[in-house]
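quick one, what's the 3D model for this:
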Amino acid sequence: MADKITKDMKIADIVEKCPDSAQIMMEQGMHCIGCHVSAVETLEQGAKGHGMSDEDIDSMVEKINTIGEKKTESSEPEKEETKETEFEEEETEIIEEPKKGFFKRILDKL
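Below you'll find the model as predicted:
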């Protein structure tokens, strides 16, 4: 997640940018994430409407940003290394296979 989530962002935009934020908002009592108002209401407005304090809102924004950063850091580099390693192993197996012509392999099986 390149840009940080702020309390001034629309709820729907936050959920689109960081889907895991929905769980955090629901844990804080904001069960209206899918509501049509979420497209026009900021996180702060929605949280205030649910009786949350400024400190609660700041804490929620921090949690959302933390989980977004963890997802970004842990997801891509490992996948690339794994794919390369798997490819190298497969390539090694192919190279080590004895070379026989197609018809010779079929005849050997008969």
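
can you give me the end-to-end span of stretch 10-26?
One end of stretch 10-26 to the other measures 16 Å (C-alpha to C-alpha, to the nearest Å).

what sits up against that stretch?
With C-beta atoms under 8 Å, 6 or more residues apart in numbering as the test, stretch 10-26 has contacts from 1, 3, 5, 30, 33, 38-43, 46, 60, 63-64, 67-68, 71. Using the backbone N, CA and C atoms, a C-beta is placed for each residue, glycine as well.

7 Å instead?
Outside stretch 10-26, the residues that touch it by C-beta atoms under 7 Å, 6 or more residues apart in numbering are 1, 5, 33, 38-43, 46, 60, 63-64, 67-68, 71.

list the contacts of the residue nearest to Thr6 when sequence neighbours are not counted.
In space, and not counting its chain neighbours, Thr6 is closest to Val61: 6.7 Å by C-beta to C-beta, 6 or more residues apart in numbering. The contact partners of Val61, taken as C-beta under 7 Å, 6+ apart, are Ile5, Thr6, Lys7, Leu43.

count of residues packed around the third one?
Around Lys7 sit 18 other residues, with neighbours defined as other C-beta atoms under 10 Å.

enumerate every residue touching it.
Here Lys7 is in contact with Thr42, Leu43, Glu44, Ile57, Val61 (C-beta under 7 Å, 6+ apart).

8 Å - rerun?
Shown in contact with Lys7 (C-beta under 8 Å, 6+ apart): Thr42, Leu43, Glu44, Ala47, Ile57, Asp58, Val61.

list the contacts of the residue lying closest to the first one once chain neighbours are set aside.
This means Thr42. With C-beta to C-beta, 6+ apart as the measure, Asp8 is the residue that lies nearest to Thr42, at 5.4 Å, once sequence neighbours are left out. Going by C-beta under 8 Å, 6+ apart, Asp8 touches Thr42, Leu43, Glu44.

over to Asp8. Which of the three states is it?
Secondary structure, DSSP: H, G, I helix; E, B strand; the rest coil: Asp8 is coil.

how close does it get to Cys32?
Relative to Cys32, Asp8 is positioned 18 Å away (C-beta to C-beta, to the nearest Å).
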